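Trainee: Quick check, what structure comes out for this input:
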Amino acid sequence: MRDYVIITDSGCDLSADMVEALGVDVLPMRLLIDGTEYNHYHDYRELSVDAFYDKVRAGHFGQTSCVSTGVIAEAMENYIQKGMDVLYISLSSGLSGSYTSACLAADTVKEDYPDAVIHVVDTKAVSVGIGMLVHMAAQNKKKGMSIEDNAKYLEEHSNNICHYFMVDDLKYLQKSGRISTISAIAGTAVGVKPIFIMNDEGKIAVTAKVRGSKIAMRRMTEAIEEKCDDASMMFIVHMDNKSGADALSERIKEKYPNTQIVMNNVGPIIGNHTGFGTLAVIFHGTSR
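Mentor: All right, here's what the predicted structure looks like:
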């Protein structure tokens, strides 16, 4: 069996330490904010998380873009020339052009390397929802799973990756077109705290509306109890909401004391669309 590489994009919100431990390649998505375009690398080499937060606090709203077809194709070709196959794990096609770009890149590379084995997987996930699938893929590879079986495994399990998240201000989701203006105004006006999920189509949907963060957090932990079928690892991400992330972690640990909780910041690619106060938990469940 030929060796293969796992490639993803920086919308996965995995820490630099985890990326190194997993041995995967993370390509930078781009953020245009305050008149400057940055490549968002997983190690924040061009724009630190604190610098990004400062720009958002100053009232700047950015524009994100997926990794270009050319950049993906170049990365794929580099590994093909080394005699490796490629498993590309992309951000949800329901929210980004990442999957389309990766598919076009794969087709381009195969024109010059017709024997190349390249699999592109649409995670229908965001942030560490992608990261969780990348982690699963890396563990499968370590156990000796072939690239074909690994790609099939990810496709079969993508809709088992459950995302539950809340935000402090709906204006960011509204500005980015992820929810309607009417929904944003209504939610803000009456103090409703919507709880969002990623649905089976890889799009953002509202699963519940409650009043206040504490009740929202309780509902999120109830969702874990209702749906979680593998509590060995869960991911929590937040945007400048460490206290909320710690409180959510404590709630989860009360029910699942042996679970490994991986906590990280929401990066600029996702955080640009969700804003301050974002708090999310991602876990493996029976269904989304």
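Trainee: what residues does the longest strand anywhere in the chain touch?
Mentor: When the chain is scanned for its longest strand (criterion: DSSP state E), the result is strand 228-238. Strand 228-238 is touched from outside by 13, 127-129, 131-132, 135, 160, 162, 224, 244-245, 248-249, 252, 256, 258-266, 278-286, with contacts defined as CB atoms under 8 Å, 6 or more residues apart in numbering. (C-beta placed from N, C-alpha, C; glycine too.)
Trainee: Buried residues in it, which are they?
Mentor: 228, 231, 233-238 (16 or more other CB atoms under 10 Å).
Trainee: Would you mind measuring from the spatially most central residue of the chain to Ala216?
Mentor: When CA atoms, centre = their mean is applied to the chain, the residue found nearest the centroid is Ser127 (1.7 Å). Distance of Ser127 to Ala216, given as CB to CB, to the nearest Å: 18 Å.
Trainee: returning to that earlier point: how far out from the middle of the chain is the next helix-or-strand element following the longest strand of the chain?
Mentor: For strand 228-238, the following helix or strand on the C-terminal side (DSSP states H and E) is helix 242-255. In terms of CA atoms, centre = their mean, to the nearest Å, the centre of helix 242-255 is found 20 Å from the chain centre.
Trainee: chain center to the longest strand of the chain: distance?
Mentor: Using CA atoms, centre = their mean, the offset of strand 228-238 from its chain centre is 14 Å.
Trainee: What strands line up against that strand, and which way round?
Mentor: When pairs are called by DSSP bridges, strand 228-238 turns out to pair with strand 260-265 (parallel), strand 279-285 (antiparallel).
Trainee: Just the angle for the first one relative to helix 242-255, thanks.
Mentor: It stands for strand 260-265. With axes from the mean of the first three to the mean of the last three CA atoms, to 10 degrees defining the directions, strand 260-265 sits at 170 degrees from helix 242-255.
Trainee: and what of the longest one?
Mentor: Relative orientation of strand 279-285 with respect to helix 242-255: 30 degrees, computed using the same axes, to 10 degrees.
Trainee: residues in contact with strand 279-285?
Mentor: Residues contacting strand 279-285 (CB under 8 Å, 6+ apart): 125, 127-129, 131-132, 157, 160-166, 213, 217, 220, 224, 227-231, 233-238, 241, 244-245, 248, 252, 266.
Trainee: do the shortest one as well
Mentor: Outside strand 260-265, the residues within contact range by CB under 8 Å, 6+ apart are 13-15, 18, 49, 128, 232-239, 245, 249, 252-253, 271.
Trainee: and with 10 Å instead?
Mentor: Strand 260-265 is contacted by residues 12-15, 17-18, 44, 49-50, 52-53, 127-128, 131-132, 135, 231-242, 245-246, 248-250, 252-253, 271, 278, 281-283 when judged by CB atoms under 10 Å, 6 or more residues apart in numbering.
Trainee: Pull out the buried members of those residues.
Mentor: By 16+ other CB under 10 Å, the contacts of strand 260-265 give 12-15, 18, 44, 49, 52-53, 127-128, 131-132, 135, 231, 233-241, 245, 248-249, 252, 271, 278, 281-283 as buried.
Trainee: Could I get the full set of strands for the chain?
Mentor: Under DSSP E, the chain gives strands at 4-9, 25-27, 29-33, 36-40, 63-65, 85-90, 118-122, 161-166, 192-198, 204-211, 228-238, 260-265, 279-285.
Trainee: give me the low-pLDDT residue ranges for the stretch 1-150 of the chain?
Mentor: Counting by pLDDT under 70, not a single residue of the stretch 1-150 of the chain qualifies.
Trainee: Which stretches in it count as helices?
Mentor: Here the stretch 1-150 of the chain has its helices, by DSSP state H, counting those that start in this stretch, at 16-22, 49-57, 69-81, 98-112, 128-142, 147-157.
Trainee: for the strands paired with strand 228-238, which one sits closest to Glu111?
Mentor: Nearest to Glu111, of all those, is strand 279-285, at 36.6 Å by CB to CB.
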